[in-house]
Each structure stands twice: as structure tokens, then as C-alpha cells.
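Q: Generate a structure from the sequence data that follows.
(one chain, ligands or ions: 1)
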Amino acid sequence: MLNIVIFGAPGAGKGTQATLLAEKYDFLHVSTGDLLRQEVAMGSALGRRAQDIMNRGDLVGDDIVVPLLDRALRQRSTLPDPDAAIDPWDRERNGMPHRPEGCIIDGFPRTVSQAQTLEFILNRLQRKIDLVIAIDVPRDELVRRIHDRAAVSGRSDDTEEVIRHRLELYDQQTQPVLDYYRVSGLLVSVDGSEMIADTNHRICSVIDAKLKRK
Ligand code: ADP
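A: Sure, this is the predicted structure:
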């Protein structure tokens with residue numbers, strides 16, 4: 001069981017890397033941004049509360065995001081695709097090959113208080129964070145990437161003003177979470193300034209080393 005938090009500023013590519021890693025290692029991928037966007041798309045009560053906040057680039061309240069994360073980790077499968085019809089954690093029971101169990105959490109925690117909440121949630125599930133991977137990308141490269149992404153993402157929070165605000169919030173609220181994990185010895189930083197495949201290679205080396213030590 002390997003529980004990984006993937007960390008990075010908007011534009012660092014944490015969603016992209018988390019998706020690649022989930023595929024390669026068969027980890028459950030839990031993205032709070034995706035969970036929130038799903039709620040908005042479904043027009044649920046939570047989604048309606050989150051929509052304006054997300055459009056402004058602000059952080060939604062813990063009362064909205066924590067239950068979503070809790071539910072996703074509890075269900076252990078958030079994937080709507082047919083392959084997920086079998087609970088990934090029940091593969092062996094169903095005669096399918098064993099695979100390393102684990103999850104990759106992307107977009108959470110974004111504040112020190114959320115980091116404490118995550119520990120609490122995992123603790124109740126008798127799990128803990130094994131590794132925090134921070135993807136490092138210089139600020140000018142982040143801004144360039146988000147601008148490029150804005151042209152194709154269709155995300156209503158990828159406008160110039162909102163992007164600036166999201167980066168500011170990252171510096172103020174989310175950056176301190178890195179120090180929190182640095183102190184606990186869980187943090188590994190990876191250079192994310194080059195191509196997607198290069199970053200992926202670096203992250204895989206970190207995970208493989210961790211898996212070997214398990
Ligand atoms: P990015 O990292 O590129 O900003 P995400 O998809 O992770 O994108 O998040 C999109 C938006 O969803 C955030 O700007 C915020 O409004 C909301 N959000 C996601 N995760 C959290 C969280 N842990 N706490 C509060 N708000 C969140």
C-alpha cells in the first residue's frame with residue numbers, strides 16, 4: 001500500500017502526472033479539482049455552492065471539499081469507466097493479477113489545516129501518507145503553461161486575472177504545506193520544468209525506490 005500526495009502550483013502538471021502514475025501503477029487517482037468539477041457539471045447542491053468560488057479562483061471551503069475527498073477515499077474507486085466495475089482492491093479475489101495497492105491524491109491538501117484533516121481521514125481508514133512528491137516549476141514557466149492550457153481547457157478559471165489569483169493563493173496558503181511535509185520527512189521535490197515524459201521519469205524513480213524499500 002502506497003499513499004502518495006502529489007503537489008504542485010497551478011500549471012505544474014500535477015493532474016497530468018497523477019493520471020500517468022495512476023495508469024502505470026494502478027493507483028486510485030483522487031483529484032479534488034476533478035471531484036469538484038464533476039459536482040458542478042452534475043449541478044448538485046455541493047456543485048452549485050462550489051461553482052462561483054472556483055470561477056473566482058478561490059479555495060472552496062473544507063465543508064465542501066472534505067466530504068468529497070472522504071467519500072472518494074472510502075469508496076476506493078472514483079473511476080466511472082467499465083474497468084472499475086470490479087473494485088480495484090478486490091482484483092485478487094476475482095482471480096486477477098495482484099498489483100501494488102495505493103492511491104495518489106492530487107489537489108489536496110492546499111492548506112496546513114487540510115494536511116491535518118487528511119491525516120485524520122487516512123488514519124480512520126488505517127492508512128497513512130507514505131510520500132509527498134512536489135513538482136517544481138519556475139513561475140514564468142507556470143504562467144506560460146496556464147496560458148497555453150487556457151486556449152484548450154475550456155476551464156472557466158483559466159483567465160488571466162483568475163490565474164494570477166490562484167498563484168497568489170498557492171504562495172500564501174499552499175506553499176506552507178510543503179514545509180509541513182518537509183519537517184515530517186515525507187517530501188521529495190522533482191524538477192518539473194522540462195517535458196511531461198522527463199518529469200514522469202523522475203517521479204517514477206522516486207516511487208520505484210520507495211516501493212523497493214516497502
Ligand atoms: P489547479 O491546481 O490547476 O488550480 P485543481 O483542478 O487542482 O487546479 O483545482 C481547481 C479549483 O478547485 C481550485 O482553484 C479550487 O477552487 C478548487 N479546489 C480544488 N482542490 C481544493 C482544495 N483541496 N481545497 C479548496 N479548494 C479546492
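
Q: can you pull the contacts of whichever residue of the chain sits closest to the ligand?
A: Per C-beta to the nearest ligand atom, residue 33 is where the chain lies closest to the ligand, at 1.9 Å. In short, each C-beta sits where N, CA and C put it, glycine included. By C-beta atoms under 8 Å, 6 or more residues apart in numbering, the contact list for residue 33 reads 15, 106, 107.

Q: I'd like the residues you listed written out as TSV, with secondary structure and neighbour count added.
A: Below are these laid out as TSV (DSSP: H, G, I helix; E, B strand; the rest coil; neighbours: other C-beta atoms under 10 Å):
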residue	secondary structure	neighbour count
15	helix	17
106	strand	24
107	coil	21
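
Q: restrict the residues you listed to those near the ligand?
A: residue 107 (C-beta under 6 Å from any ligand atom).

Q: on that earlier part again, that's a helix at the residue of the chain closest to the ligand, yeah?
A: Yes. The assignment for residue 33 by DSSP: H, G, I helix; E, B strand; the rest coil puts it in a helix.

Q: Can you tell me how far it is from residue 191?
A: Using C-beta to C-beta, to the nearest Å, we find residue 33 at a distance of 23 Å from residue 191.

Q: Go through the worst-scoring helix or strand of the chain on mean pLDDT and flag the buried ones.
A: Ranked by mean pLDDT, DSSP states H and E, the weakest helix or strand in the chain is helix 139-153, scoring a mean of 86. By 16 or more other C-beta atoms under 10 Å, the buried positions in helix 139-153 come out as 142, 143, 145, 146, 149, 150.

Q: mind giving me a markdown table with the contacts of residue 33 and columns for pLDDT?
A: Output for the contacts of residue 33, formatted as a markdown table (pLDDT from 0 to 100):
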| residue | pLDDT |
| --- | --- |
| 15 | 94 |
| 106 | 97 |
| 107 | 97 |
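
Q: Tell me the one among the contacts of residue 33 nearest to residue 168.
A: residue 107 (17.3 Å; C-beta to C-beta).

Q: mind pulling up the phi and psi values for that closest one?
A: Note on residue 107: its backbone torsions stand at phi 100, psi 0 [degrees, to the nearest 10].

Q: Does it touch residue 10 like I think?
A: No. Taking contacts as C-beta atoms under 8 Å, residue 107 lies outside contact range of residue 10: 10.1 Å.

Q: Identify the bridge partners of the residue nearest the centre of the chain.
A: Taking C-alpha atoms, centre = their mean, the centroid of the chain lies closest to residue 106, which sits 0.3 Å from it. Assessed by DSSP bridges, residue 106 has beta-bridge partners residue 6, residue 31.

Q: re earlier: for the contacts of residue 33, which one is nearest residue 69?
A: Comparing the contacts of residue 33 against residue 69 with C-beta to C-beta picks out residue 107 as the nearest, at 8.9 Å.

Q: which residue sits closest to that closest one, ignoring its sequence neighbours?
A: Ranked by C-beta to C-beta, 6 or more residues apart in numbering and with sequence neighbours excluded, the top spatial neighbour of residue 107 is residue 32, at 3.8 Å.
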